[in-house]
Each structure stands twice: as C-alpha cells, then as structure tokens.
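Student: I'd like to go over a predicted model; first the sequence, then the structure.
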Amino acid sequence: MDQPDNAAKNTAIIQGRAVRSCELRLERRSMDANGRERVEYICGASGGPEQGYILAVAGDDISSMVAICNSCPIPDALAAPQSCLTLVPIRRFSAGKRSLPVIQAHVQQTQEDQEDVQADVFFPCRWFYTLDGQNQPRHTYRCRGCPYWFPRPPLELFTDYWPITQKMLRVVNGEEIIVRPRTGFTPSNRQTTSKTWWRRLLQKIFF
C-alpha cells in the first residue's frame with residue numbers, strides 16, 4: 001500500500017460533520033432501553049457488524065466518531081492501488097479488549113468514557129499472519145514488495161471477512177495462540193538413521 005493521496009481523502013457528511021469514508025464503517029439497527037429503534041455506527045475492523053465497537057449513535061453527539069475515523073489509517077490502506085485480497089485491517093479499542101466473539105452491550109458512553117478510548121491499528125495478512133503471531137504489523141510497508149498481491153474485491157464479495165477479522169483480533173489479543181513455526185515450514189518427523197554418507201545423501205534427495 002502506497003502513501004495516501006488525494007483520491008483516498010474522500011469524506012462522507014454525517015449529521016453535518018465531515019467523516020472519512022470507510023468501507024468497514026457499518027450501520028446497525030438496534031433497540032434502545034425504551035424499545036425504540038436506533039441506528040448505530042459500528043467499526044467493522046474491530047469485530048464486524050455484531051461484535052464491532054459502537055462509534056456513535058445516529059442523532060447523538062458524533063464527535064468521538066469523527067475524531068476516531070478521521071485519524072484512522074485504514075481508509076488510506078483500503079483505497080491504495082495495491083490494496084490486497086489478503087489484507088485484513090483491524091482496530092483494537094481499549095474499551096473492547098475482551099474475548100471474542102462478544103456482543104457489545106448497548107449502553108451509551110459518557111463524554112469522559114469517549115475521551116479515554118484508545119485504538120490500536122494492525123494490518124495482518126491472512127497468508128502470512130503466522131509469521132508475526134501477536135505482534136502483527138502496524139503499517140503496510142511490507143506489502144509493497146509482496147509477490148502474492150491480488151486486487152481487493154468489493155467487501156460484499158468476501159464470504160468470511162468478519163470471522164477472519166475476529167480471528168485476527170483474537171491473535172493480537174493473545175487469545176488464539178499460533179503454534180506454527182516462524183519459517184512456515186513443518187520439520188520432517190523422519191530421523192536420519194543411516195550412518196554412511198551416501199545413504200544420508202540419498203535420503204536428502206528423495207525424502
């Protein structure tokens with residue numbers, strides 16, 4: 001993913017405020033404590049439509065959402081020409097470091113709670129995430145030289161995007177342990193029992 005350009009600076013107007021456009025910001029309808037329907041803005045990068053962090057509620061103050069979304073690097077990564085099929089950007093909010101999946105309680109945050117919220121951003125790759133374990137990359141510089149890049153399709157064409165997002169969140173939270181070796185190769189279970197050099201050579205060639 002290259003540096004952000006002007007094309008990646010698209011914004012949406014929500015309640016008269018300019019907010020960065022992002023394909024991972026979702027709208028979800030729910031019921032409040034009084035049984036009235038409301039629309040919630042969800043950060044899909046933090047768990048998908050059901051487990052994602054509630055950025056704001058339509059009709060309420062959206063200042064926190066504006067600040068969070070306008071400072072997020074994910075829209076630039078997704079809008080870059082090299083945005084990839086295997087890229088799974090995630091955000092881990094300080095108010096949501098819990099085991100996934102967990103459906104967030106429908107409670108309205110106070111202004112003080114909103115100001116204390118912090119979010120980490122990670123850019124795991126569904127092909128290579130096992131190389132980094134819990135320490136997933138926080139930028140996309142590594143992606144620039146990747147020989148396995150494939151154009152990213154529209155979000156609606158992914159069949160498992162939100163389960164993969166939740167999986168990556170569990171990985172960075174240390175809730176899902178990766179046991180594969182860092183090299184990506186599994187050592188052979190066969191042991192060399194031959195003592196002569198030519199038998200060892202044959203074993204390396206054919207086994």
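Tutor: Alright, I've got the coordinates. Quantities reported herein were computed from a predicted structural model and do not represent experimental measurements. Numbering: from 1, shown residues only.
Student: need the strands for this protein, in chain order.
Tutor: Shown for the chain, the strands assigned by DSSP state E span residues 11-14, 17-20, 25-31, 37-43, 53-57, 90-93, 119-122.
Student: For my notes, please list those strands in TSV and give mean neighbour count for each entry.
Tutor: All C-beta spots, glycine's among them, are computed from the backbone N, C-alpha and C. Below are the strands of the chain laid out as TSV (neighbours: other Cβ atoms under 10 Å):
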stretch	mean neighbour count
strand 11-14	12
strand 17-20	17
strand 25-31	14
strand 37-43	18
strand 53-57	22
strand 90-93	22
strand 119-122	18
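Student: possible to save the ones you listed as a markdown table with mean pLDDT and distance to residue 78?
Tutor: Converted to a markdown table, the strands of the chain look like this (pLDDT from 0 to 100; distance: least, Cβ to Cβ, whole Å):
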| stretch | mean pLDDT | distance to residue 78 |
| --- | --- | --- |
| strand 11-14 | 90 | 14 |
| strand 17-20 | 93 | 11 |
| strand 25-31 | 90 | 11 |
| strand 37-43 | 94 | 13 |
| strand 53-57 | 94 | 17 |
| strand 90-93 | 94 | 12 |
| strand 119-122 | 92 | 12 |
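Student: what's the closest of those strands to residue 162?
Tutor: Residue 162 lies closest to strand 25-31 among those, at 9.7 Å (Cβ to Cβ).
Student: from memory residue 64 sits against residue 54, does it?
Tutor: No. The pair residue 64 and residue 54 fails to qualify as a contact (Cβ atoms under 8 Å) at a distance of 9.9 Å.
Student: Show me what the residue positioned nearest the centre of the chain bridges to in the sheet.
Tutor: Centroid-nearest residue in the chain, with Cα atoms, centre = their mean: residue 90, separated by 2.1 Å. Residue 90 has these beta-bridge partners by DSSP bridges: residue 122.
Student: how near is it to residue 11?
Tutor: For residue 90, the distance to residue 11 equals 23 Å [Cβ to Cβ, to the nearest Å].
Student: Likewise for residue 173?
Tutor: From residue 173 across to residue 11, the span is 31 Å (Cβ to Cβ).
Student: what do you get for residue 157?
Tutor: Distance from residue 157 to residue 11, by Cβ to Cβ: 25 Å.
Student: all helices for this structure, in order.
Tutor: In the chain, the helices defined using DSSP state H lie at 48-51, 63-70, 74-79, 111-116, 161-172, 197-206.
Student: What number of residues are in the vicinity of residue 86?
Tutor: 17 (other Cβ atoms under 10 Å).
Student: go on, residue 78?
Tutor: Residues near residue 78, counting by other Cβ under 10 Å, number 20.
Student: my guess is it meets residue 89, correct?
Tutor: Yes. Counting by Cβ under 8 Å, residue 89 is a contact partner of residue 78 at 7.0 Å.
Student: Overlap of the contact sets of these two?
Tutor: Residues touching both residue 78 and residue 89 (Cβ atoms under 8 Å, 6 or more residues apart in numbering): residue 24.
Student: what sits against residue 39?
Tutor: Residues near residue 39 by Cβ under 8 Å, 6+ apart: 27, 28, 29, 57, 58, 59.
Student: Turn these into CSV, including distance to residue 49.
Tutor: Formatted as CSV, the contacts of residue 39 follow (distance: Cβ to Cβ, whole Å):
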residue, distance to residue 49
27, 9
28, 6
29, 11
57, 15
58, 15
59, 20
